[in-house]
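[1] have a look; sequence and predicted model below, questions after that.
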Amino acid sequence: MAAVLMLLMGGILPAKEMPKGIPTGKSSMVLIKGGRYTPFWKDEKSLIPVKVKPFYMDRHPVTNAEFLKFVKANPKWQRSKVKSIFAGGTYLRHWKSDLELGSSVDPQSPVTNVSWFAAKAYAEWKGKRLPSIAEWEYVALSGVRTGSETSERKIDQKILEWYLTPKPERPDRVEQGRPDKYGIYDMHGLVFEWVDDFNGILSGGLGGDGDESNLFCGSGVVNSSDPKNYAAFLRFAFRNGLKANYAVYDLGFRCVKDAN
Amino acid sequence: MKKKLLYVLPAAFIIIALTGYFTLYNSGQMNSSEKVTSMSGAAKADTEKLCCSEYMKKDPAADFTDNSVYQLNSKWNNEFNKKVSLGALKGQKVVMAMIFASCTYACPLIVNDMRKVEQQLPEGENSDVTFLLVSIDPDRDTPRALLDYSKKQNLDLSHWELLTGSKSDIRSLAALLGFKYKKNDNGDYVHSNLINVFNKEGEVVLQHEGLNKDVQDIVKELKAIN
């Protein structure tokens, strides 16, 4: 009987857009046990750390090759078909065509020139999601803590230098450097990355509680003598300037997944 | 007797199952030619009939212009707990804001500004205008809470619509509109103060920022939309 019902259901339920042949194994992802993340800005409220629950994070940013599979399976995300409201004119412009990377694009480099909508659609297709600011920053900040003050200071300085130098038009391949202490690659030094709540930063024009309108004025916010905080500040400033359909040459993304 | 039951029971199951199948099949067929142009007033009944399966089958991109907000194929629940799609508003002029019902400071002012627009529209010019409030607080703003809110705010539900949805769909809609928001530790939200005007295609034609400002720009824009 159940089988009959199942058959009937199968016939009437709308066919869902299910991703096909997607590896669900977690080997490409790393478990982050979670913890507490304290934003860099120094107003009284943000001294309360944000709790980060356990989650899995992609070992490396999504590559051109991986993103190509996505647009092949989801034609509406191909360059010539995408709606401008979801991805601006620079979307995937480094690719040769809708379905060809071309010889100048390394398949193993992180995909860039992708909008937030496209990144989000990719993540959902994979059964994953984009990380929150708190999750991304938690890994970025704690992943390079080694316990040794001098070496940490050097790392922080190096990270900051990356933010302050112009980015190459074509980023290097993923997983070329050393992983952080979690085994995650390329949180720093390769590309900027989208986060789910990039539009969760409020700067100016607001009233009431929690106003972060002073965030970008600098005073009392960022102690620029601390390279760690200054790098985080630059990331926040970068995110704040984004719109969801922007496709930028040094902005890619990676996915996460709940751990339970 | 026992033997009879052996036949009767499965037969009964099959009949029930087939009835269910045809009921669903028919409801899908029946509405496929109907087009919902408005969620307000009388058209609401159509929306309810069309609910769920039809929306899911529809190719979201087909009916809408490239710059239409309705390209978002998201499903929402309204204050009567009916599943609705934003695209059902095609053909209406829309004045829209994202709010949360337990907001004590900014949101009541936003709603008030929208009410001012409603009042300032000349008689007869508001019949094709929908005032839309989309909650950013799905945990607390259940359809029931939104209905209560509409009563508290004295909103005329023949022109007003209140929606709640998934966190992901809310984030997408906000991202599309350039609306910024963040949940605070106390469960409240910090957010932009933004009233949007959509034309009949669902394209954003005006964004009115701030609180307690003159709403003539919105009224003027609504009059200009054909």
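    Okay, I see it. Numbers count the residues shown, from 1 in each chain, chains lettered A, B, ... in the order given.
[2] low-confidence stretches in chain B?
    Across chain B, the ranges flagged by pLDDT under 70 are B:1-62.
[3] helices of the chain, start to end?
    If you meant another chain, say so; for now it's chain A. Remark: helices assigned in chain A by DSSP state H are A:2-12, A:64-73, A:116-125, A:133-142, A:149-164, A:227-240.
[4] try chain B instead
    Using DSSP H, helices in chain B cover B:2-31, B:43-50, B:53-57, B:106-120, B:143-152, B:167-177, B:216-224.
[5] in the stretch 51-200 of chain A, what residue is nearest chain B?
    Closest to chain B within the stretch 51-200 of chain A is A:Gly200: 4.1 Å, counting by Cβ to the nearest Cβ. Using the backbone N, CA and C atoms, a C-beta is placed for each residue, glycine as well.
[6] just give me the neighbour total for that residue.
    Neighbour count for A:Gly200, taken as other Cβ atoms under 10 Å in any protein chain shown: 21.
[7] residues in contact with it?
    Neighbour list for A:Gly200: A:Ile133, B:Lys180, B:Tyr181, B:Lys182 [criterion: Cβ atoms under 8 Å, 6 or more residues apart in numbering or on different chains].
[8] name the residue of chain B that lies nearest to chain A.
    Using Cβ to the nearest Cβ, the single residue of chain B nearest to chain A is B:Ala175, 3.6 Å away.
[9] just checking, that residue touches A:Asp196?
    No. Look at B:Ala175 against A:Asp196 with Cβ atoms under 8 Å: they stay out of range, at 9.4 Å.
[10] thought A:Lys53 was touching A:Ile32?
    No. Here A:Lys53 does not reach A:Ile32: they are 9.4 Å apart, not a contact under Cβ under 8 Å.
[11] identify the contacts common to these two.
    Shared contacts of A:Lys53 and A:Ile32, counting by Cβ under 8 Å, 6+ apart, come down to A:Ala259.
[12] the more surrounded of those two?
    The residue with more neighbours, out of A:Lys53 and A:Ile32, is A:Ile32; 23 against 13, by other Cβ under 10 Å.
[13] quick check: bridge partners of the more buried one?
    A:Phe55 (DSSP bridges).
[14] ok, it to A:Ser151 distance?
    Distance, A:Ile32 to A:Ser151, using Cβ to Cβ, to the nearest Å: 22 Å.
[15] repeat that for B:Phe179.
    Counting by Cβ to Cβ - B:Phe179 and A:Ser151 are separated by 42 Å.
[16] which one's more surrounded, the two?
    Legend: neighbour count by other Cβ under 10 Å for B:Phe179 and A:Ser151, higher for B:Phe179 (21 against 12).
[17] ok, the more buried one - contacts?
    Listed by Cβ under 8 Å, 6+ apart, the contact partners of B:Phe179 are A:Asn199, B:Met98, B:Leu173, B:His191, B:Ser192, B:Leu194.
[18] TSV for those residues, including distance to A:Gln78?
    Shown next, in TSV, are those (distance: Cβ to Cβ, whole Å):
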residue	distance to A:Gln78
A:Asn199	25
B:Met98	31
B:Leu173	24
B:His191	34
B:Ser192	32
B:Leu194	32
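[19] I'd say B:Gln153 and B:Ile110 touch.
    No. Contact criterion Cβ under 8 Å: B:Gln153 and B:Ile110 do not qualify, at 10.7 Å.
[20] start and end of stretch A:172-188, how far apart?
    Start-to-end span of stretch A:172-188 (Cα to Cα, to the nearest Å) is 12 Å.
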